[in-house]
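Asker: pasting a predicted model and its sequence here:
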Amino acid sequence: MKAWQIDRLGGQLRLNDIAVPETRSGSVLVRVEAQSLMSYLKDYVEGKLPAYRVPEGGFIPGGNAIGVIEAIGEDVWHLKPGQRVVISCHLVARENVPEPAQILIGVTSPGGIADAVQQSWRDGTLAEYVLFPASTVTPLDGFEDFDLAQLTVITRCIVPFGGLLRGRLTAGETVIINGATGAYGSAAVLVALAMGAARVVVAGRNKEALDVLAKTDELRVSSVMLTGDVGKDTEALRKTAGGGAHLAFDMVGGAKDPNSTLAALGSLYRQGRLVLMGSTVTPVPINYMLMMFNSLEIIGNFMYPHNAYLPLLALLRTGQLDMSPIVPKEFSLADLPQAMEYAAKAQSLECVVVTTKDRG
């Protein structure tokens, strides 16, 4: 099979001919059909993101994907060959311990015992076939009439869905999305609407992108152009939200200051929740009295529950989740370098999809 391999981050990415993986207990061999690219994949493979840890020696990068089961290993009971599935790179060890190890297969390990898990499951999805744990694979039954590239957008929506679940978003609530003009932030808008949010306030510093997002649902989506002044931005968010928000979803990446996050926190109703799911490394100073008097919550969240694709797919199947505002831009597996270049500059409502043709 063809597979993209790299010996280390910052090394040379090569398209190689390698053997198709053999199944093992608890595993599923999947023929990859399509996958969405992370917008930062180019910087990742070039070694510009030092926080990421990868397996020693060569590995195949790549995250979530859609494909068809080719074979199953022992101790796999429900999944069957020929079944279309969505693959999640988020693997959590299935052991009854207080803090089970977790990794993103083909992406990173947080260190510690997770490094051993990563050595066992080292290869991601940028290949024609992949071997993944059965626990990371979800059937895609009932989506035969969906366009494959458009269906692949679900692998972008799953990340904010995890954060909105963690924040306990309830139908009828108002949610503020900070960092809404990024890839995951824009997907969060569509997911929040699907989950029944009565009002979605999109916040950011790119007016053109905010205006585009506001048009996804002119009745329920409003925008706020942030200025960097915490006081002014807090007031603007509260006013646009109709007095305040029940939930703020923070998906800011690479911020040079915490001001937008603080404005989102200050815009919450009493007993409101702030979910932190972005990638900024800037410390956020917390007003103790503000938190205490208003019974506010700050919730950190990484990824999503292992079974989260099931309810998200149900929202898509019933028409509650409309992913059509996000437009797929297709590339072949062989054109990965060009796809990475495009993904790094893509608009918020574009999704770069790499498709793998069946060689059979």
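Answerer: Nice, thanks for sending it over. Numbering: from 1, shown residues only.
Asker: now the end-to-end length of stretch 169-188.
Answerer: The first residue of stretch 169-188 is 12 Å away from its last residue (C-alpha to C-alpha, to the nearest Å).
Asker: can you pull out the helices in the stretch 51-200 of the chain?
Answerer: Assigned by DSSP state H, counting those that start in this stretch, the stretch 51-200 of the chain shows helices spanning 114-120, 148-151, 154-166, 183-194.
Asker: give me the contact list for the first one.
Answerer: Read that as helix 114-120. Defining contact as C-beta atoms under 8 Å, 6 or more residues apart in numbering, one finds that helix 114-120 is touched by 53, 54, 55, 56, 91, 93, 101, 102, 103, 105, 109. All C-beta atoms are positioned from the backbone trio N, CA, C, and that covers glycine.
Asker: narrow these to those that are buried.
Answerer: Among the contacts of helix 114-120, the ones that count as buried by 16 or more other C-beta atoms under 10 Å are 53, 54, 55, 91, 93, 101, 102, 103, 105, 109.
Asker: how much space between the fifth one and residue 114?
Answerer: Right, the one you point to is residue 93. Using C-beta to C-beta, to the nearest Å, residue 93 is found at 8 Å from residue 114.
Asker: overlap in contacts of the two?
Answerer: Shared contacts of residue 93 and residue 114 (C-beta under 8 Å, 6+ apart): 101, 102.
Asker: point to the residue nearest the middle of this protein.
Answerer: Residue closest to the mean C-alpha point of the chain, counted by C-alpha atoms, centre = their mean, is residue 159 at 3.1 Å.
Asker: so it sits against residue 186, correct?
Answerer: No - checked against C-beta atoms under 8 Å, the pair residue 159 and residue 186 is beyond contact range at 11.6 Å.
Asker: from residue 340, how far off is the nearest residue to residue 151 once chain neighbours are set aside?
Answerer: Leaving aside its sequence neighbours, residue 151 sits nearest to residue 143 (C-beta to C-beta, 6 or more residues apart in numbering; 5.9 Å). Distance, residue 143 to residue 340, using C-beta to C-beta: 27 Å.
Asker: more crowded one of these two?
Answerer: The neighbour comparison of residue 143 against residue 340 (other C-beta atoms under 10 Å) goes to residue 340, with 23 against 17.
Asker: check residue 358 and give its pLDDT.
Answerer: Confidence at residue 358, expressed as pLDDT, is 56.
Asker: ok, residue 348 next?
Answerer: You'll see residue 348 listed with a pLDDT of 89.
Asker: count of neighbours near the closest residue to it other than its chain neighbours?
Answerer: Spatially, and ignoring its direct neighbours in sequence, residue 348 is nearest to residue 186 (4.0 Å; C-beta to C-beta, 6+ apart). Residues lying near residue 186 (other C-beta under 10 Å) number 29.
Asker: test my guess that residue 32 contacts residue 124.
Answerer: No - Residue 32 lies out of contact with residue 124 (C-beta under 8 Å); the separation is 10.1 Å.
Asker: give me the common contacts of those two.
Answerer: Shared contacts of residue 32 and residue 124 (C-beta under 8 Å, 6+ apart): residue 130.
Asker: strands of the stretch 201-350 of the chain, start to end?
Answerer: In the stretch 201-350 of the chain, the segments counted as strands under DSSP state E, counting those that start in this stretch are 221-225, 245-250, 268-276, 297-300, 327-332, 350-355.
Asker: quick check: bridge partners of residue 300?
Answerer: With DSSP bridges applied, residue 300 shows beta-bridge pairing to residue 276.
Asker: how about the contacts made by it?
Answerer: By C-beta under 8 Å, 6+ apart, the contact list for residue 300 reads 275, 276, 277.
Asker: same thing but at 10 Å, please
Answerer: Counting by C-beta atoms under 10 Å, 6 or more residues apart in numbering, residue 300 touches 163, 166, 250, 274, 275, 276, 277.
Asker: just give me the closest of these to residue 320.
Answerer: Nearest to residue 320 among these: residue 163, at 18.0 Å, using C-beta to C-beta.
Asker: can you give me the pLDDT of the nearest residue to residue 194 once chain neighbours are set aside?
Answerer: Using C-beta to C-beta, 6+ apart and skipping residues adjacent in sequence, the residue nearest residue 194 is residue 321, 3.8 Å away. With respect to pLDDT, residue 321 scores 98.
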